[in-house]
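1. have a look; sequence and predicted model below, questions after that.
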Amino acid sequence: MKLIGVVLCFLFFLPVYGEKKGKTHREPLFGKSQAAYQVTSNALKGATFYLVSGHGGPDPGCIGKYQGHELHEDEYAYDIILRLGRELLKRGAKVHFIIQDSKDGIRNTYILKNSKRETCMGKPIPLGQIARLQQRCDAINRLYRKDKSKYKRAIFIHVDSRSRGKQTDVYFYHAPGSKYGKRLALQLRKTFKAKYGIHQPNRGFDGTVSGRNLYVLRHTVPYAVFLEVGNIRNARDQQRLVIPDNRQALANWITDAIVKDYKGK
């Protein structure tokens, strides 16, 4: 899928398990129009993922302005996470959505209205930063200890906030010293660079990979990567967020990289 412009009641939903190829399944978190999906391949059969969108509940994260509207980080990160999860499921993976919204689903609109409905797998999200981060780390670690998969990865998606004039490419963090977190992060960068080479050959791709001592990377057991998908205040980066096809392309490209990393296990 080609990117346009600059590329780029608390209800508890049970984890979604990889299913047999060809059978139609449903995931309510995706919303009514997207709930049904089919497993189209076994490319990720036996893999388990813990998907986490940044902020949520009482904390919208960073906020940008777009054509008189506010763009809230948590809403765009959540939409990308849902799209990513759907692609992983279609390839036979087992997926846990750590942050959940019982209403929003995948949305094909530019402006994603903010809400405070998000929960951490059915539990209210605390406002305090450390409590909020520890809650999602605890949820991941509990699931990790029960899952029998040999390939288990946590994926965190956030949106950055910098000066309006600072355009950024997607960049990737892993925990310092994490061999397999770094390997996935490098594969993500390699895949994104290749996609840019196809869709925008004259632009190039400057996304970086680095180890960073982030709380969620320190306190979660599975190997993990942390993605910043753009500057929410930059007009060109905003196109990566507000255009639904671009959010889907991000999900597709992340999935492609994960499949390549999984095959290299």
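-> It's in. Residues are numbered from 1 along each chain as shown.

2. contacting residues for the spatially most central residue of the chain?
-> For the chain, I81 is the residue whose C-alpha lies nearest the centre (Cα atoms, centre = their mean; 3.5 Å). By Cβ atoms under 8 Å, 6 or more residues apart in numbering, the contact set of I81 is 51-53, 97, 99, 155, 157. Using the backbone N, CA and C atoms, a C-beta is placed for each residue, glycine as well.

3. for stretch 163-179, list every residue counted as buried.
-> 168-175, 178 (16 or more other Cβ atoms under 10 Å).

4. please apply the same query to stretch 117-133.
-> With the criterion 16+ other Cβ under 10 Å, stretch 117-133 contains buried residues 117-121, 125-126, 132-133.

5. restricted to strands, list these.
-> Mapping the buried residues of stretch 117-133 onto strands (DSSP state E) picks out 119-120.

6. ok, and the closest non-adjacent residue to N234?
-> Q167 (5.1 Å; Cβ to Cβ, 6 or more residues apart in numbering).

7. now that neighbour: how far from Q239?
-> Counting by Cβ to Cβ, to the nearest Å, the separation of Q167 from Q239 is 11 Å.

8. K195 belongs to a helix?
-> Yes - K195 sits within a helix when classified using DSSP: H, G, I helix; E, B strand; the rest coil.

9. doesn't W253 make contact with it?
-> Yes - contact criterion Cβ atoms under 8 Å: K195 and W253 qualify, at 5.3 Å.

10. how close does Y78 sit to G56?
-> Where G56 is concerned, Y78 sits at a distance of 7 Å (Cβ to Cβ).

11. cool, and V209?
-> Applying Cβ to Cβ to V209 and G56 gives a distance of 26 Å.

12. between those two, who's got more neighbours?
-> Neighbour count, other Cβ atoms under 10 Å: between V209 and G56, G56 has more, with 28 against 17.

13. test my guess that the more buried one contacts D104.
-> No - the pair G56 and D104 does not pass the contact test of Cβ under 8 Å, sitting 10.8 Å apart.

14. where are the low-confidence patches of the protein?
-> 1-22, 265 (pLDDT under 70).

15. mind listing the strands for it?
-> 24-26, 36-38, 47-53, 63-66, 69-72, 94-97, 99-100, 119-120, 123-124, 151-160, 171-174, 209-211, 223-231.

16. which positions in stretch 26-36 come out as buried?
-> Residues 27, 29-31, 34 are the ones in stretch 26-36 that count as buried (16+ other Cβ under 10 Å).

17. likewise for stretch 222-229?
-> Buried, per 16+ other Cβ under 10 Å, within stretch 222-229: 222-229.

18. can you check the distance spanned by stretch 85-96, start to finish?
-> 8 Å (Cα to Cα, to the nearest Å).

19. hey, what's in contact with both of G56 and D104?
-> Y78.

20. if we can go back for a sec, closest one to N202 among the strands of the chain?
-> strand 223-231 (19.9 Å; Cβ to Cβ).

21. how about a markdown table for the strands of the chain, with distance to C137 added?
-> Listed next are those as a markdown table, based on distance: least, Cβ to Cβ, whole Å:
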| stretch | distance to C137 |
| --- | --- |
| strand 24-26 | 28 |
| strand 36-38 | 28 |
| strand 47-53 | 9 |
| strand 63-66 | 25 |
| strand 69-72 | 23 |
| strand 94-97 | 13 |
| strand 99-100 | 12 |
| strand 119-120 | 10 |
| strand 123-124 | 13 |
| strand 151-160 | 9 |
| strand 171-174 | 15 |
| strand 209-211 | 18 |
| strand 223-231 | 10 |
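
22. ok, which of those strands comes nearest I140?
-> It is, among the strands of the chain and with distance given as Cβ to Cβ, strand 47-53, at 4.6 Å.

23. strands paired with that closest one, and their directions?
-> strand 94-97 (parallel), strand 151-160 (parallel) (DSSP bridges).

24. just give me how far that strand sits from the chain centre.
-> 8 Å (Cα atoms, centre = their mean, to the nearest Å).

25. angle of it against strand 223-231?
-> 40 degrees (axes from the mean of the first three to the mean of the last three Cα atoms, to 10 degrees).
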